[in-house]
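Visitor: Just the structure for this:
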Amino acid sequence: MAEGDEKGRSGPTDIRDDLVRSEAKKAFVWLGVAALLALAVYLAQPLLVIFGGVVFAAMIDGGQRLLSRVLPIRRGFRILIVLLAALAFLIWLVMFAGSQIAAQAAQMPAVIETQTARVLAWGHAHGISVNQADFSNVAEKLIGGVGPVTRALGGIFGGFGTAFLIMILGIYFVLEPDLYRRGIAWMLPEGSREHFHGTAHRMGKALRMLLFGRLIGMAVEGVATWALLALYGVPMAALLGLLTGLLAALPNIGAPISGILMVLVGFSGGTDMGIFCIIVYVVVQTVDGNIIVPMVAKKTADLAPALVLGAQLIFGVMFGLLGLLLADPIVAMLKIALERQAERNGRPSVGGSGGEG
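Guide: Purely as a prediction, here's the structure:
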């Protein structure tokens, strides 16, 4: 009778079998993970902005750490010096390059038309008959292919609101990093907090070194391009070097854009100058892309170049330019998190303690 009463009190969702209950729990865990992933994709842009603030904070923190070696002053003053230096660079950039970029943008259609005419004339001279209509169709396809790039550039140059939010978040993060780190650790189980602090410390160091490597690549491309072009007497060598250095921050997109600008300006001064600009572009990109940047990235975050390139392509397609810019820092952080978890799983527990020794 008692058994019948118990069965009568059972609901349709009650699970009595231990195996079924265990499998149901696993299913709910996977459903929860899938829901979190879907939420992360839905909130991708805000999350990327927040991570961009973390990256900007790491850059500021790296600068103040370098200053600490020569300026024994309070950390807040060193951060202020780094921010003022960055602001001064932006002001100089606008004053030096702003008017010249606008002038070159106005001249660019004429330069393209002139170079197109030269290509057609060279083709006719060498027995290559190119119909103007066919050439127009090819040009339309090329413009269609360049369209996403121009829209992406418009997004990065027009997204002042996003850049402003990233800078504000970065300043907040770098001023009181311990506050936010303790807040995240407080939400974790007590036994995992020490592990989190160790992981956060390693992530911060790797992120600073990775950004340092990126800045080295930008400086190498910019200075080398300027020096080589100026040595040959290419017009606007300083501006082209500056643009090459800045566009080096856009992996896979910046290099082709800077190369097109360089080659167009070079051929406007003659065939020899154009060929020289092509050689400069190939040499600089080969040295920087295949030697300097991979070597620095491998030494700083131990990232395989193919992994970084694949992540940049995926994040660029999924999240646009912001994802493209943050792809390698995200991959570096994920790699460190997985390595730390693997270390924790492989470490035998001592005395039943859940934390790290």
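Visitor: Residue ranges in the stretch 201-350 of the chain under the pLDDT threshold?
Guide: Residue ranges of the stretch 201-350 of the chain with pLDDT under 70: 251-252, 289, 292-302, 305, 347-350.
Visitor: And the strands in it?
Guide: For the stretch 201-350 of the chain, applying DSSP state E, counting those that start in this stretch gives no strands.
Visitor: Residue 211 contacts residue 62, doesn't it?
Guide: Yes: at 6.3 Å, residue 211 and residue 62 qualify as touching, with contact defined as CB atoms under 8 Å. Quick note: C-beta positions are derived from backbone N, CA and C, even for glycine.
Visitor: Roughly how far does residue 238 sit from residue 277?
Guide: 15 Å (CB to CB, to the nearest Å).
Visitor: So for the two, which sits in the more crowded spot?
Guide: Using other CB atoms under 10 Å, the more surrounded residue of residue 238 and residue 277 is residue 277, with 25 against 15.
Visitor: can you count the residues close to the closest residue to residue 228 other than its chain neighbours?
Guide: Leaving aside its chain neighbours, residue 228 sits nearest to residue 280 (4.8 Å; criterion: CB to CB, 6 or more residues apart in numbering). Residue 280 is flanked by 24 other residues according to other CB under 10 Å.
Visitor: Just the pLDDT for residue 88.
Guide: Per-residue confidence (pLDDT) for residue 88: 88.
Visitor: Kindly apply the preceding question to residue 151 instead.
Guide: 42.
Visitor: swap in residue 85?
Guide: Listed pLDDT for residue 85 reads 90.
Visitor: for it, helix, strand, or coil?
Guide: Here residue 85 is recorded as helix under DSSP: H, G, I helix; E, B strand; the rest coil.
Visitor: For residue 92, see how far away it is.
Guide: Distance from residue 85 to residue 92, by CB to CB: 11 Å.
Visitor: Same question for residue 45.
Guide: 31 Å.
Visitor: More neighbours: those two, which one.
Guide: residue 45 (13 against 10).
Visitor: for the more buried one, what are its contacts?
Guide: By CB atoms under 8 Å, 6 or more residues apart in numbering, the residues touching residue 45 are 319, 322.
Visitor: what about 10 Å?
Guide: Residues counted as contacts of residue 45 (CB atoms under 10 Å, 6 or more residues apart in numbering) are 162, 319, 320, 322, 323.
Visitor: Could you do residue 172 as well?
Guide: 53, 57, 179, 180.
Visitor: Chain neighbours aside, what residue packs nearest to the last one?
Guide: I take that to be residue 180. residue 173 (6.2 Å).
Visitor: Looks like that neighbour contacts residue 56 (just checking).
Guide: Yes: counting by CB atoms under 10 Å, residue 56 is a contact partner of residue 173 at 7.9 Å.
Visitor: Tell me where the stretch 101-250 of the chain has helices.
Guide: Counting by DSSP state H, counting those that start in this stretch, the stretch 101-250 of the chain has these helices, from start to end: 132-158, 160-175, 177-186, 193-232, 237-247.
Visitor: Work out for me the element residue 70 sits within.
Guide: Using DSSP states H and E, residue 70 falls within no helix or strand.
Visitor: What backbone torsions are found at it?
Guide: With angles defined as degrees, to the nearest 10, residue 70 sits at phi -120, psi -20.
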